[in-house]
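*Asks:* Sequence first, predicted model second:
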Amino acid sequence: MKKITKETYLNWYKDMLFWRKFEDKLAQVYIQQKVRGFLHLYNGQEAVLAGALHAMDLTKDKMITAYRNHVQPIGMGEDPKRVMAELYGKATGTSQGMGGSMHIFSKEHRFYGGHGIVGGQIPLGAGIAFGDKYKGSDAVTLCYFGDGAARQGSLHETFNMAMNWKLPVIFIVENNGYAMGTSVERTANHTDIWKLGLGYEMPCGPVDGMNPIKVAEAVDEAIQRARRGDGPTFLEMKTYRYRGHSMSDAQHYRTKDEVEEYRKIDPITQVLDIIKEKNYATDDEIKAIDNEVKNMVKECEKFAEESPYPDANLLYDVVYEQEDYPFIK
């Protein structure tokens with residue numbers, strides 16, 4: 001694995017703080033009805049992405065996830081201004097405003113969504129990995145889903161095929177405890193989701209998803225296994241979301257005290273504590289990073305606000321059409 005250095009910690013701090021503030025800004029403009037539809041925020045789960053990106057080769061590895069998907073493409077290299085514009089439904093967005101919050105997509109940066117169907121991305125992730133194996137590439141696909149999606153039958157079909165064909169895919173369940181609003185304890189006879197991999201003799205295990213170092217180590221091991229041709233891995237990232245499932249979630253299923261307990265192990269705070277402990281940055285340098293992040297978010301908002309909406313005629317250009325389709329005259 002790439003060494004974890006002073007620069008790594010400083011980059012983690014800046015990136016995770018930016019992702020957090022980016023999502024906070026989206027929450028604000030959603031209340032103002034500038035962003036419509038559903039909105040699922042990533043606050044609290046940043047270490048899962050930060051650690052994984054450290055282990056990945058961003059020149060070839062790929063990522064696919066569910067609808068909590070705003071900051072992942074930014075981490076993969078997409079311009080955050082375009083991501084925010086997409087959420088605003090603007091023509092300058094990653095899909096010209098046609099995808100919106102749940103369907104961010106960036107082919108250029110090998111980020112394949114953003115999927116609104118619960119668990120729908122699981123077989124797609126295996127399919128992307130199958131394509132790489134078929135073409136002789138040693139690229140690896142990271143396929144994310146939530147603890148709620150772990151109950152889908154497509155997961156079992158996909159696990160079976162991925163092991164049978166030794167596909168270069170890493171399945172990662174971001175277990176934030178509550179799916180949409182029901183705890184893991186109430187939806188299954190087991191609470192260790194990673195053990196689902198045992199039925200397929202798939203390498204699997206739990207990971208501290210609030211610590212980017214632990215995430216990076218686990219993902220690196222899985223990536224090396226996949227590149228060797230030894231097939232998939234299933235990792236359960238035990239994490240926590242500080243906001244509701246979506247902006248419409250009243251969160252009656254948990255207490256404020258519970259949320260505050262998890263804030264004590266906030267991944268951003270953990271990284272900042274190490275930076276201070278090891279004297280990687282002065283207070284003034286940390287403040288400079290904070291101000292830079294604030295300005296970056298302002299730039300994203302300004303870009304999205306000032307961008308035009310797409311032409312209505314575009315609606316007819318982004319659907320599949322076959323002129324000689326049988327039975328239709």
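*Replies:* Now that the structure is in, tell me what you want to look at. Numbering: from 1, shown residues only.
*Asks:* all contacts plus neighbour counts: C-alpha atoms, from now on.
*Replies:* Will do.
*Asks:* neighbours around the nearest residue to Phe111 once chain neighbours are set aside, how many?
*Replies:* The shortest distance from Phe111 to any non-neighbouring residue, by Cα to Cα, 6 or more residues apart in numbering, is to Met63 (5.1 Å). Met63 has 25 neighbouring residues, counting by other Cα atoms under 10 Å.
*Asks:* Met63 in helix, strand or coil?
*Replies:* strand (DSSP: H, G, I helix; E, B strand; the rest coil).
*Asks:* Figure out the helix or strand that Glu236 lives in.
*Replies:* Secondary structure from DSSP states H and E places Glu236 in strand 233-238.
*Asks:* if you average pLDDT over that strand, what comes out?
*Replies:* The average pLDDT within strand 233-238 is 98.
*Asks:* strand partners of it, parallel vs antiparallel please.
*Replies:* When pairs are called by DSSP bridges, strand 233-238 turns out to pair with strand 169-175 (parallel), strand 204-208 (parallel).
*Asks:* could you redo those strands as JSON lines and give each row distance to Ala27?
*Replies:* Converted to JSON lines, the strands paired with strand 233-238 look like this (distance: least, Cα to Cα, whole Å):
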{"stretch": "strand 169-175", "distance to Ala27": "21"}
{"stretch": "strand 204-208", "distance to Ala27": "27"}
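*Asks:* got these as a markdown table, with mean pLDDT columns?
*Replies:* Putting the strands paired with strand 233-238 into a markdown table (pLDDT from 0 to 100) gives the following:
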| stretch | mean pLDDT |
| --- | --- |
| strand 169-175 | 98 |
| strand 204-208 | 98 |
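*Asks:* Of these, give the one that comes closest to Leu87.
*Replies:* Ranking the strands paired with strand 233-238 by proximity to Leu87 (Cα to Cα) places strand 169-175 first, at 22.7 Å.
*Asks:* Output the helix or strand just after that closest one in PDB, but only the C-alpha positions, please.
*Replies:* The first helix or strand that comes after strand 169-175 along the chain, using DSSP H and E, is helix 184-187. What follows is helix 184-187, C-alpha atoms only, in PDB (Å, rounded to 0.1, in the frame of the first residue of the first chain):
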ATOM      1  CA  VAL A 184     -29.900  -4.200  11.200                       C
ATOM      2  CA  GLU A 185     -31.100  -6.000  14.400                       C
ATOM      3  CA  ARG A 186     -34.700  -5.800  13.200                       C
ATOM      4  CA  THR A 187     -34.200  -6.900   9.600                       C
END
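*Asks:* Could I get the full set of helices for the stretch 1-150 of the chain?
*Replies:* Assignment of helices within the stretch 1-150 of the chain using DSSP state H, counting those that start in this stretch yields the ranges 6-31, 46-55, 71-76, 80-87, 121-135.
*Asks:* right, so of those, which gets closest to Gly177?
*Replies:* Of all the helices of the stretch 1-150 of the chain, it is helix 46-55 that lies closest to Gly177, at 14.5 Å by Cα to Cα.
*Asks:* so what does the closest one touch, helix or strand wise?
*Replies:* Using 3 or more Cα pairs under 8 Å, 6 or more residues apart in numbering; DSSP states H and E, the elements in contact with helix 46-55 are helix 6-31, helix 71-76, helix 212-227, helix 267-277.
*Asks:* sorry, back to before: kindly reformat the strands paired with strand 233-238 as JSON lines containing distance to Arg110 and mean neighbour count.
*Replies:* As requested, the strands paired with strand 233-238 are arranged in JSON lines below (distance: least, Cα to Cα, whole Å; neighbours: other Cα atoms under 10 Å):
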{"stretch": "strand 169-175", "distance to Arg110": "14", "mean neighbour count": "27"}
{"stretch": "strand 204-208", "distance to Arg110": "25", "mean neighbour count": "19"}
